[in-house]
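**Q** requesting a structural model of the entry that follows:
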Amino acid sequence: MVRRVGRIRVLERNTVDRIAAGEVVERPASVVKELVENSLDAGAGTIEVRLEDGGKRSTSVRDDGCGMPPDDLQLAVQSHSTSKISDIDDLQSLQTYGFRGEALSSISSVAKVTIRSREHGRTEGFEVLVEDGVAVKSSAVGCPEGTEVTVERLFRSVPARMKQLRSSSVEMSHCREVVTDFVLCRPAISLRLFSGGDLVLAHAADEGMDGALTIAFGHKVAADMLNGHAEGEGVRVEAYLARLEHTRSSPSDIRLFVNHRPVRSRRMVSAVVKAFGSRIMKDRYPIGVLKVLVDGSAVDVNVHPTKREVRFDDEPLVTDTVERCVAAAVEGPDLSFRYDLTRFSETFESKIPTAMIGDSGSAQSRLPGTGGDDDGDSEGPHGIRPLAQIMDTYILAESGDNLLLIDQHAASERVVYERVLAAVDGGDEISQELLTPLVLTLTPTESKTLGENLDMLSKAGFRIEPFGGDAYSVRSVPTVLGLAQGERSLRDILADLADMSAPKRMGQEFIWRVACHTSIRAGENLSYSQMRQLVSDLMGTESPYTCEHGRPTMIVLSPVDLEKLFKRRV
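**A** Okay, the predicted model is just below:
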């Protein structure tokens with residue numbers, strides 16, 4: 001049976017406005033975004049946002065911008081009225097946030113909107129009251145220079161949309177995120193956010209970017225951020241990135257801005273993560289701010305109604321510049337992990353267990369100069385002097401006034417990873433020939449995997465030849481391995497390769513596995529000379545502060561850290 005549809009008709013103006021409002025206004029945070037953008041376009045130096053009930057009952061944005069004359073104020077609430085463009089060509093070189101002339105019209109179609117504005121130099125202002133898209137009142141009024149827009153009872157005429165709003169606290173958090181984005185992209189503007197009369201967020205223009213970063217990420221993360229710059233053809237990128245000990249399980253705290261506009265971009269996030277490389281753990285994401293400045297004619301910000309997505313004319317150029325910017329930020333500085341351990345000492349009980357006292361001699365016996373195989377008084381070539389091995393896993397060392405804890409396995413992984421990477425890329429020799437070849441009998445699965453990956457294993461330092469049947473002769477192993485380690489490591493690598501897809505066997509995943517299985521293990525006892533050599537090799541790598549998985553290789557305890565631990569400093 002054919003279902004008969006209704007006749008085509010032109011929708012009423014009010015219905016059209018409400019549909020348009022659904023694209024622009026999703027929640028109170030959308031109102032805050034549109035109104036603050038208007039304030040910035042008006043040249044405001046100070047903006048104040050006040051919310052009641054998370055913005056559901058009332059949202060007010062006041063600024064000290066240029067203000068509007070009465071005629072413009074009445075036009076501003078009409079659909080597609082704007083001062084920012086005059087024809088279609090202006091869309092190719094936008095310098096403002098708003099340009100469609102739909103914000104105030106869309107908001108007023110689903111709420112009660114009161115606008116007060118006074119131009120600089122005028123003795124009085126003007127007020128317009130709009131309800132359900134219709135201006136019901138306009139009159140002269142006394143008010144400060146600038147503009148104040150108050151939005152009340154959002155979605156009161158659209159009950160279905162009102163039901164979708166969350167609790168006041170959730171809506172408030174969304175509004176705060178919007179204001180925080182503006183603080184980050186326009187740190188030279190003073191911004192304050194109030195909720196129910198209480199000051200929630202305050203940023204003064206003279207606090208600059210440092211103050212903005214503290215508001216966004218907190219003092220602990222923002223205190224020592226890494227800064228990078230890079231330029232391409234018509235593209236300039238600036239990055240502010242948290243140190244490696246501060247990461248997230250999602251990319252939500254990578255704040256992206258294009259021409260001072262907050263945006264979302266998977267490709268730019270991927271470029272950031274790629275630039276970090278093995279310095280950050282798998283499935284972890286850095287924290288920070290990335291600002292991209294590009295000619296307005298080379299980017300389309302009109303892709304999405306909320307302008308959160310952009311399209312570049314030359315996206316590879318932008319992502320390449322982003323990668324170079326982030327690389328510049330993370331390649332130079334000391335990236336050793338730093339932790340606040342003041343709470344650590346509080347976990348100890350006042351009474352030391354007798355078992356600990358009984359074992360105290362075992363740690364002492366490994367201190368250099370107490371029967372070890374080398375004199376431990378001299379510093380290594382990088383100013384780091386190993387002191388002892390702890391739990392056959394960590395190396396205790398000192399560098400200047402700092403105390404270092406080095407994870408021997410993570411450190412060895414970084415060393416081996418860069419050596420194997422160099423061998424794969426440039427053919428460097430990283431193997432040692434065995435005086436007596438090691439003959440192994442492999443399982444059918446191991447033999448098959450070996451045959452498929454013989455070339456890659458050779459680049460990793462293994463030289464293996466058939467020895468008849470399922471037997472193979474191992475003539476060379478990676479330099480870092482001994483004879484016993486060679487057999488175990490080779491079998492472990494073959495087991496991993498059997499489970500890996502073909503593309504991964506040819507990429508970094510393979511190098512990661514080789515580095516992991518051919519490195520010094522936790523639980524291996526090291527002599528003083530081995531510890532010193534490992535530390536020297538580690539500090540000679542390009543990224544000595546993390547292993548190839550992004551785990552820290554060392555933790556630094558400064559004199560201040562130790563004083564806090566022992567309550568010498570509070």
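**Q** by mean pLDDT, flag the weakest helix or strand of the chain.
**A** helix 360-364 (a mean of 37; mean pLDDT, DSSP states H and E).
**Q** mind checking what helix or strand follows that helix in sequence?
**A** strand 385-390 (DSSP states H and E).
**Q** and the helix or strand containing residue 490, what does it pack onto?
**A** Per DSSP H and E, residue 490 falls inside helix 483-499. The contact analysis (3 or more Cβ pairs under 8 Å, 6 or more residues apart in numbering; DSSP states H and E) places helix 483-499 against strand 431-441, helix 444-452, strand 471-478, helix 508-517. All C-beta spots, glycine's among them, are computed from the backbone N, C-alpha and C.
**Q** which one of the ones you listed lies closest to residue 298?
**A** Among the helices and strands packed on helix 483-499, the nearest to residue 298 by Cβ to Cβ is helix 508-517 (32.4 Å).
**Q** please identify the buried residues of the next helix or strand after the closest one?
**A** Next helix or strand after helix 508-517 toward the C-terminus (DSSP H and E): helix 528-539. Within helix 528-539, the residues that count as buried by 16 or more other Cβ atoms under 10 Å are 528, 530-532, 534-535, 537-539.
**Q** so which of those is the closest to residue 63?
**A** The closest of these, once distances to residue 63 are taken by Cβ to Cβ, is residue 539, at 53.1 Å.
**Q** so what's the closest residue to the closest one other than its chain neighbours up against?
**A** Ranked by Cβ to Cβ, 6 or more residues apart in numbering and with sequence neighbours excluded, the top spatial neighbour of residue 539 is residue 382, at 3.9 Å. Neighbour list for residue 382: 399, 535-536, 539-540 [criterion: Cβ atoms under 8 Å, 6 or more residues apart in numbering].
**Q** ok, 10 Å please
**A** 399, 535-536, 538-540, 544 (Cβ atoms under 10 Å, 6 or more residues apart in numbering).
**Q** mean confidence score for the helix holding residue 490?
**A** Across helix 483-499, pLDDT averages out at 72.
**Q** again with stretch 243-256
**A** 88.
**Q** ditto for stretch 385-404
**A** 91.
**Q** among the helices and strands packed on helix 483-499, which is the most enclosed?
**A** helix 508-517 (a mean of 22; mean count of other Cβ atoms under 10 Å).
**Q** pLDDT below threshold where in the chain?
**A** For the chain, the stretches with pLDDT under 70 are 1-24, 79-96, 98-102, 302-307, 339-381, 423-430, 479-486, 501-515, 517-518, 570.
**Q** would you map out the domains in this protein?
**A** 13-209, 224-331, 361-570 (automatic domain parsing).
**Q** need those domains in JSON lines (columns: distance to residue 218).
**A** What follows is the domains of the chain, written out as JSON lines (distance: least, Cβ to Cβ, whole Å):
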{"stretch": "domain 13-209", "distance to residue 218": "12"}
{"stretch": "domain 224-331", "distance to residue 218": "10"}
{"stretch": "domain 361-570", "distance to residue 218": "19"}
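**Q** thinking again about what came up before, save the contacts of residue 382 as TSV, and put in distance to residue 452 too.
**A** Formatted as TSV, the contacts of residue 382 follow (distance: Cβ to Cβ, whole Å):
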residue	distance to residue 452
399	45
535	37
536	36
538	33
539	37
540	33
544	34
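**Q** measure how far the helix or strand hosting residue 330 is from the centre of its chain, please.
**A** Using DSSP H and E, residue 330 sits within helix 315-331. A distance of 14 Å separates the centroid of the chain from that of helix 315-331, by Cα atoms, centre = their mean, to the nearest Å.
**Q** which of the residues in whatever helix or strand residue 179 lives in are buried?
**A** Here residue 179 is covered by helix 168-185, with elements defined by DSSP H and E. Across helix 168-185, burial judged by 16+ other Cβ under 10 Å covers 168, 171-172, 174-185.
**Q** next: stretch 240-255.
**A** Within stretch 240-255, the residues that qualify as buried are 240-247, 251, 253-255, counting by 16+ other Cβ under 10 Å.
**Q** these into JSON lines, with extra columns for distance to residue 214?
**A** Output for these, formatted as JSON lines (distance: Cβ to Cβ, whole Å):
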{"residue": "240", "distance to residue 214": "11"}
{"residue": "241", "distance to residue 214": "15"}
{"residue": "242", "distance to residue 214": "12"}
{"residue": "243", "distance to residue 214": "15"}
{"residue": "244", "distance to residue 214": "19"}
{"residue": "245", "distance to residue 214": "17"}
{"residue": "246", "distance to residue 214": "13"}
{"residue": "247", "distance to residue 214": "19"}
{"residue": "251", "distance to residue 214": "21"}
{"residue": "253", "distance to residue 214": "14"}
{"residue": "254", "distance to residue 214": "17"}
{"residue": "255", "distance to residue 214": "14"}
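**Q** among these, name the ones in strands.
**A** Residues of the buried residues of stretch 240-255 located in strands (DSSP state E): 240-241, 247, 254-255.
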